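Undergrad: need a structure here:
(2 chains)
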Number of protein chains: 2
Amino acid sequence: MEVTRKNYKDSLKTVYSAIEEADFLAIDGEFSGISDGPNVSALTNGLDTPEERYTKLKKHSMDFLLFQFGLCTFKYDQAKSKYITKSFNFYVFPKPFNRTSPDIKFICQSSSIDFLASQGFDFNKVFCNGIPYLNQEEEAQLREQTEERRNQHANGIGTPSFISPSSKGPAHVPEEHKDFINKVIQKVEALFTNSEKTVDLEPCTGFQRKLIYQTLNWKFPKGLHVETVETEKKERIIQVSKVNDEERKRREQQRLEREQEELNDAVGFSRVIHAISKSGKLVVGHNMLLDVMHTIHQFYCALPEDLQDFKEVTRCVFPRLLDTKLMASTQPFKELINNTSLAELEKQLKESPFKSPHVETAEDFKSYDTAQEQLHEAGYDAYITGLCFISMANYLGSFLTPPKAYISARSKLIEPFFNKLFLMRIIDIPYLNITGPDLQPKRDHVLYVTFPKEWKTSDLYQLFSAFGNIQVSWIDDTSAFVSLSQTDQVQIAMNTSRYAESYRIQTYAEYIQGRQQNKEKLDQTPKTWGDDSWAKSHYTPSSTSGFGYTRGLRKRSISPVQGEQGTGDGLITDGWSHYSYPDNTSSKKMKTDAKSEQANAEAVESKTSEGWLKTADSSHPAGLSPVLDEEEEGGGS
Amino acid sequence: MEVTRKNYKDSLKTVYSAIEEADFLAIDGEFSGISDGPNVSALTNGLDTPEERYTKLKKHSMDFLLFQFGLCTFKYDQAKSKYITKSFNFYVFPKPFNRTSPDIKFICQSSSIDFLASQGFDFNKVFCNGIPYLNQEEEAQLREQTEERRNQHANGIGTPSFISPSSKGPAHVPEEHKDFINKVIQKVEALFTNSEKTVDLEPCTGFQRKLIYQTLNWKFPKGLHVETVETEKKERIIQVSKVNDEERKRREQQRLEREQEELNDAVGFSRVIHAISKSGKLVVGHNMLLDVMHTIHQFYCALPEDLQDFKEVTRCVFPRLLDTKLMASTQPFKELINNTSLAELEKQLKESPFKSPHVETAEDFKSYDTAQEQLHEAGYDAYITGLCFISMANYLGSFLTPPKAYISARSKLIEPFFNKLFLMRIIDIPYLNITGPDLQPKRDHVLYVTFPKEWKTSDLYQLFSAFGNIQVSWIDDTSAFVSLSQTDQVQIAMNTSRYAESYRIQTYAEYIQGRQQNKEKLDQTPKTWGDDSWAKSHYTPSSTSGFGYTRGLRKRSISPVQGEQGTGDGLITDGWSHYSYPDNTSSKKMKTDAKSEQANAEAVESKTSEGWLKTADSSHPAGLSPVLDEEEEGGGS
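TA: Okay, here's the model as predicted:
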């Protein structure tokens, strides 16, 4: 179903009930661009830390507009043994709702726009009929303004249509407008002596309207109703009416209702996101980190500076997320799927050993034909993403004894994939862990090299030719990470570089330390984003969110190992010693959750009885390294 | 005529000949936004200096996209005694022309987009079928790249389709790609032994393609033609062909021609602007400063830091400009026209004492009906602007003895209006003078006031209530200019403010001095924009530009007066002592023009014989103050 400003209000009930009845939801966003940074490789270095990646995306991707939002709801019909789908394609645009509302500016990236154009994207629908929206702060401001206006009106000062904070005295009327205002006063005085109920003033400038309001307010505090109305010719004129007390009250009531409706209209598309959030249902996306960031940024609040705070906001807005790209890149799927781009994934999941899911489009909804690709329409992409999730979830069921053909969105089997968002092109950290600290791979085989800007990859290969295979991750024109195949080569490289003039080598640890010190210097300036700015939100995490499981799982499937500078209190050596957990770097907030983590340890242990997880154990997370499919470069799916 | 990427190449001849035959041209641009600054009043303070205004527009307006360019050519037909018009509406979009071309990012302002949407603007035409363009630097780079590629190819190293600077040795093939590359080599070796002429390699990643090129280049420097082609499915594959020398040359020739055409296609819409520029014809616009800035910025070069340099670039690109808004705000029109917005101006110029111009749409061109407004389609706005110019020019003819009904675009009567671009909402400087120093009104009745951010205009009125009428020009939340009606009040205000704690008052001179000092501090860092960066342009001012006249006029109609801190060498007192010329602040470049200025003095004097100019004298430039029509707020026309 296509939803624009034109049919938005009428569709809202349908959207709400689809969310309400669904077993899970799939989402997808289309943006006006991906990165305003210098280039994609700078945006996505293969050795970014999760913090770095988050900071880069926040800095270089949030000024684009999410202008199409796809939502597909999936409800399992036991009788038919199939999912019933309802797919929505929302066009979203921050149309200013009145003259004082924020005038949003957003960036467009030519390549993204051109790509969408080539896919038949309808920009006119976005720009002419996009649904407006407000984030929580804007909504609160608007509610406050409305409230203030009401109070002032109730107290008899000001008028609901125009309040100037300086309107408590007689208006200062500049010389050149005095004649004009005097004529208005005469007209209004005449109204009191003649039989007319209403007089329309002549069209005039905004400044003159302001003067009229101030003057009439001051001169006729009672018995008048003054309102700006728009004529058929779209001219704004002032209408002055004589009113008695009863009439006044009736008009006031009408206005209140109108104001409430206008307010809801202004909040617009954000109401759909609020409904998704409140439902607490599983939200599935494909390579969804940018979708999640944009959704929060556009419809909730400015993104926090700090990654930990972002995770906390995300848990509030989307208590349960599942990223199909991450799922497809993880055992047992990793072995079977060699291209995790959405289109390819969908194709592969139709083939053995997977089974095409049984789905049916709900009545009155447009049905998509997956044979005829309509990729990059957000509603279709959300639909396909949901199909992929179902195929993969059901495949997990085949490992059970007895095997199960249908695995619900509430099954424990899929919980290991909850709240882990795929990280594009990071060599050794497959996902961003929303419900806990991130993996900290050892990077003691990595060197940080700086060099003249003329250097190419080949120069680096030459420099390190003695060390066999190396891997180069460009940072910018004059620096790169070089991963050696053997950690013990690091010291040799450091030694030989000591007297080099054209280049400089640091160990990864030295590099991180240097960055940390720089950051600490910067942090001495006060933060602009306070902890409480989103906490004011009236949306709290759903009680069905299941935080415990995922955090528990993390504890089990990837054992914490004492970091090099660590004081870690749990030391378990196993196959994944490549990973360590942050010790003192994990935020204080995490510590408060320690109890619930313990409480869930039992539930976690019980899951080891599930066959497939054992399979996963042996290669997870070392086997998690993402498939770096270049075709997705710059793309969002 | 609507011109998009689809019919652009076929239309180019028509466009060129229309420009060639025209008596004058009218232009108009539509942008994706006006200002990314905090608000319009900050962007256009009533007491900006021309330098300040230029800097603000450059900073806050150039990241928007000029995406529709209107051109209307006017050719006078002596026999019919009417103008024949050809109107073009170009849709413009920076579609990346290949994978390495610049990926332009531009800002959209919701209010502007929403406004255009409400006018029926077709965004799909822009984004799907907009004509691409390059500025001069990009064009030069592309030509250089093409040239380099050709040379390398001629020398037998590299291939035209892929050149890596590191391709001079054998490619370093990472372990995981060795099998793949070896298979490719086997395939190509087989080609030499079998009867096939060509072999298509399998689709692969860009990195693999790079490896293939490097390897084949190294292994088979002769006898092979390697090319990346796109299949019907839009997959990029490598095609390898056996070729003899003759075939090789033929293919090379074909490639050269294709490259040249691709290059022209990439320069795209800029070629139209080059043609306008080269023609040296009078270019008419309405409130055209932003149009001129955007046109130069998008199709020529990044705008210079310095206003003087901008004027120089402008003279090169547009040797003769005329702004109908400035013309309508100047005597003898100022008295007769009370609203200079384009739509209103057009209406008023149909009424007495003006005459509707006689125009006819050229055959095969869409004719516009001025009764049915199609404003804010750039082609229509350009057309209307041209009509306004004709009406006003012809009106000037009525002052001649004997009166003339038709005044050509080459008449001396209109030269006083050349190269003066209307400055929106500056109280005492009506225009930016492209061919000389700007007016420097005395501002010794102006105070610079800083105060707490809670203050409103009414607080300022109250503060200065003892001084009668004042005028407030907001700078930002905490500062404003306050113009007193009497200069001798300034000292009183300064004295009374001495012990004030909440606010602070400076004279305008003190304020300017403070800014100057700040600027000098900043200027100690080197400039990024060199004088020669646009001078490299192969476009030089047309010899028909007529600089002398306008510069001469300036000398005549507004006499230089010794500034307060001036060392002026010419002192003529007359009615306009309110204005002074910069002494040491005028750039060195101006001084080099002194000779030509003198040489034109004579030509200037002769013009005083024209009747209407005498009328203008008495009220010009004091009578030039622009009509501040608020309805145009945020608009560009």
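
Undergrad: pLDDT below threshold where in chain A?
TA: Within chain A, the segments meeting pLDDT under 70 span A:38-42, A:99, A:152-171, A:372-375, A:525-637.

Undergrad: how about the secondary structure of the nearest residue to A:Ala378 once chain neighbours are set aside?
TA: Distances taken as CB to CB, 6 or more residues apart in numbering or on different chains put A:Gly70 closest to A:Ala378, at 2.9 Å, once the chain neighbours are dropped. From N, CA and C alone the C-beta is placed, and that goes for glycine too. Using DSSP: H, G, I helix; E, B strand; the rest coil, the structure places A:Gly70 in strand.

Undergrad: wait, A:Gly70 touches A:Gly386, no?
TA: No: using CB atoms under 8 Å, A:Gly70 is not in contact with A:Gly386, being 10.2 Å away.

Undergrad: which of these two has more residues huddled nearby?
TA: A:Gly386 (29 against 25; other CB atoms under 10 Å in any protein chain shown).

Undergrad: now do the contacts for the more buried one.
TA: A:Phe24, A:Ala26, A:Cys72, A:Phe74, A:Tyr83, A:Thr85, A:Val284 (CB atoms under 8 Å, 6 or more residues apart in numbering or on different chains).

Undergrad: also A:His60?
TA: A:Ser35, A:Asp36, A:Gly37, A:Leu43.

Undergrad: neighbour-wise, which of those leads?
TA: Ranking the contacts of A:His60 using other CB under 10 Å puts A:Ser35 first, with 24 neighbours.

Undergrad: from B:Thr55, how far off is it?
TA: 29 Å (CB to CB, to the nearest Å).

Undergrad: got it, and A:Met1?
TA: In terms of CB to CB, A:Met1 sits 49 Å off from B:Thr55.

Undergrad: again, but for A:Lys242
TA: In terms of CB to CB, A:Lys242 sits 53 Å off from B:Thr55.

Undergrad: likewise for A:Arg443?
TA: 46 Å.

Undergrad: neighbour-wise, which of the two wins?
TA: Neighbours were counted for A:Arg443 and for B:Thr55 using other CB under 10 Å; A:Arg443 has more, 21 against 17.

Undergrad: residues of the stretch 401-550 of chain A that sit close to chain B?
TA: A:Lys456, A:Thr457, A:Ser458, A:Asp459, A:Tyr461, A:Asn469 (CB under 8 Å from any CB of the partner chain).

Undergrad: dihedrals phi and psi, the second one?
TA: When quoted as degrees, to the nearest 10, the phi and psi of A:Thr457 stand at phi -60, psi -40.

Undergrad: could you give the number of residues near it?
TA: 15.

Undergrad: how far away is it from A:Asn45?
TA: In terms of CB to CB, A:Thr457 sits 14 Å off from A:Asn45.

Undergrad: ok, the fourth one next?
TA: Taking CB to CB as the measure, A:Asp459 and A:Asn45 are separated by 18 Å.

Undergrad: please identify which of those two sits among more neighbours.
TA: Neighbours were counted for A:Asp459 and for A:Asn45 using other CB under 10 Å; A:Asn45 has more, 21 against 17.

Undergrad: which helix is the longest one in chain A?
TA: helix A:245-267 (DSSP state H).

Undergrad: which helix or strand contains the residue in the stretch 401-550 of chain A that chain B sits nearest to?
TA: In the stretch 401-550 of chain A, the residue that lies nearest chain B is A:Ser458 (3.3 Å; CB to the nearest CB). Element membership for A:Ser458, per DSSP states H and E: helix A:457-463.

Undergrad: next structured bit after that helix?
TA: strand A:470-476.

Undergrad: quick one: buried residues of that next one?
TA: By neighbour count with 16 or more other CB atoms under 10 Å in any protein chain shown, strand A:470-476 contains the buried residues A:Ile470, A:Val472, A:Ser473, A:Trp474, A:Ile475.

Undergrad: repeat for stretch A:43-59
TA: So for stretch A:43-59, counting by 16+ other CB under 10 Å, buried means A:43-51, A:53-58.

Undergrad: and it, end to end?
TA: This stretch, stretch A:43-59, spans 10 Å end to end (CA to CA, to the nearest Å).

Undergrad: with that, I have no additional questions.
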